[in-house]
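1. sequence-free structure coming up:
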Ligand code: ATR
């Protein structure tokens, strides 16, 4: 049994700029309550110019936090300023989870974990695929490429509006990743078992061009990191084609698990009740 007294005064944060719309306090607040813990989890808005000071206060213990989550635009700086980033954060050059231990500041990146764990839950066996297609080349894309490669997916194809960015990522993440310009989309989607949108396409009612989902395997899975709306235009297109779709909310929920365990000493569960709670807040 976990002793809740250990967590008295344990306080964690999510730091970003802006931070108003973060759902992380809702997620961690739910788990704290569910486990009857005395910890706290709060939003902190910190401008880029003040981030180094925020980390200094965290390291010295002055701020009273045991750790926290880091979001846009601080993930790269969080990695640089941590004393002990792990291999995942080091390869990405970005961290989203920090914790203090023995006077040192540790850092990791749990976005890739959240991504694959969501698929493990929603589409068990998904990793038997040979070919994955990833759209985009931004920060969110990097952790997904890393996670797919680490899971041993044989062929990963990345396409991006700005081809050079896709090329750069393919070089960085290794042999199994191939970059293509957008024009090659139909060709690379042929026979693919997984399609991942890591771009902001479809967010907030944006128009999305028709994608060639008919070229994919009939049992293919389509997933999107955009979760507002929950069923994005890309997921809708995939569903119309009869493909399986997995929404991006699960990635957000699962990426939060390792941090909570570090700060509060309990590994929490992503429950249907938590999902409903967050959906009501979208
Ligand atoms: P993040 O770090 O959240 O992934 P980002 O670095 O701004 O954000 O990356 C956003 C991604 O969405 C990029 O791949 C971007 O393409 P470019 O590299 O060409 O900018 C992609 N993106 C954004 N809007 C897009 C649009 N309307 N059409 C196609 N791609 C788009």
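-> That came through, no problem. Given the structure is predicted, the values throughout are model-derived calculations rather than measurements. Residues are numbered from 1 along each chain as shown.

2. Please state the backbone phi and psi of the residue in the chain that the ligand sits nearest to?
-> Nearest residue of the chain to the ligand (Cβ to the nearest ligand atom) works out as residue 138 at 2.2 Å. For every residue, glycine as well, the C-beta is placed using N, CA and C. Backbone dihedrals for residue 138, given as degrees, to the nearest 10, come out at phi -90, psi -160.

3. Give me the neighbour count for the closest residue in space to it that isn't next to it in sequence.
-> Counting by Cβ to Cβ, 6 or more residues apart in numbering, residue 138 lies nearest to residue 198, which is 6.6 Å off, once chain neighbours are set aside. By other Cβ atoms under 10 Å, 25 other residues sit near residue 198.

4. so who does residue 198 touch?
-> Residues near residue 198 by Cβ atoms under 8 Å, 6 or more residues apart in numbering: 134-138, 140-141, 144, 225.

5. Now the two most distant members of these.
-> Greatest spatial distance among the contacts of residue 198 (Cβ to Cβ): 137 and 225, at 13.0 Å.

6. okay if I get the contacts of residue 198 as TSV plus pLDDT, neighbour count and secondary structure?
-> Formatted as TSV, the contacts of residue 198 follow (pLDDT from 0 to 100; neighbours: other Cβ atoms under 10 Å; DSSP: H, G, I helix; E, B strand; the rest coil):
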residue	pLDDT	neighbour count	secondary structure
134	98	24	strand
135	98	22	strand
136	97	24	coil
137	96	25	coil
138	95	14	coil
140	94	21	helix
141	96	23	helix
144	97	24	helix
225	96	26	coil
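
7. which of those residues lies closest to residue 67?
-> Using Cβ to Cβ, these come closest to residue 67 at residue 140, 21.8 Å.

8. Distance-wise, check residue 51 relative to residue 73.
-> Note on residue 51: its distance to residue 73, by Cβ to Cβ, to the nearest Å, is 9 Å.

9. more crowded one of these two?
-> Taking neighbours as other Cβ under 10 Å, residue 51 and residue 73 compare with residue 51 leading, 18 against 14.

10. Does that one lie in a helix or a strand, and which?
-> Using DSSP states H and E, residue 51 sits within helix 51-60.

11. mind showing which ranges of the chain have poor pLDDT?
-> 1-9 (pLDDT under 70).

12. For it, just list every one of the helices.
-> Remark: helices assigned in the chain by DSSP state H are 24-34, 51-60, 75-81, 87-92, 111-122, 139-150, 163-173, 185-189, 233-240, 249-255, 257-264, 272-281.

13. need those in JSON lines with distance to residue 203, can you?
-> Formatted as JSON lines, the helices of the chain follow (distance: least, Cβ to Cβ, whole Å):
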{"stretch": "helix 24-34", "distance to residue 203": "19"}
{"stretch": "helix 51-60", "distance to residue 203": "25"}
{"stretch": "helix 75-81", "distance to residue 203": "19"}
{"stretch": "helix 87-92", "distance to residue 203": "22"}
{"stretch": "helix 111-122", "distance to residue 203": "17"}
{"stretch": "helix 139-150", "distance to residue 203": "12"}
{"stretch": "helix 163-173", "distance to residue 203": "19"}
{"stretch": "helix 185-189", "distance to residue 203": "19"}
{"stretch": "helix 233-240", "distance to residue 203": "9"}
{"stretch": "helix 249-255", "distance to residue 203": "14"}
{"stretch": "helix 257-264", "distance to residue 203": "25"}
{"stretch": "helix 272-281", "distance to residue 203": "16"}
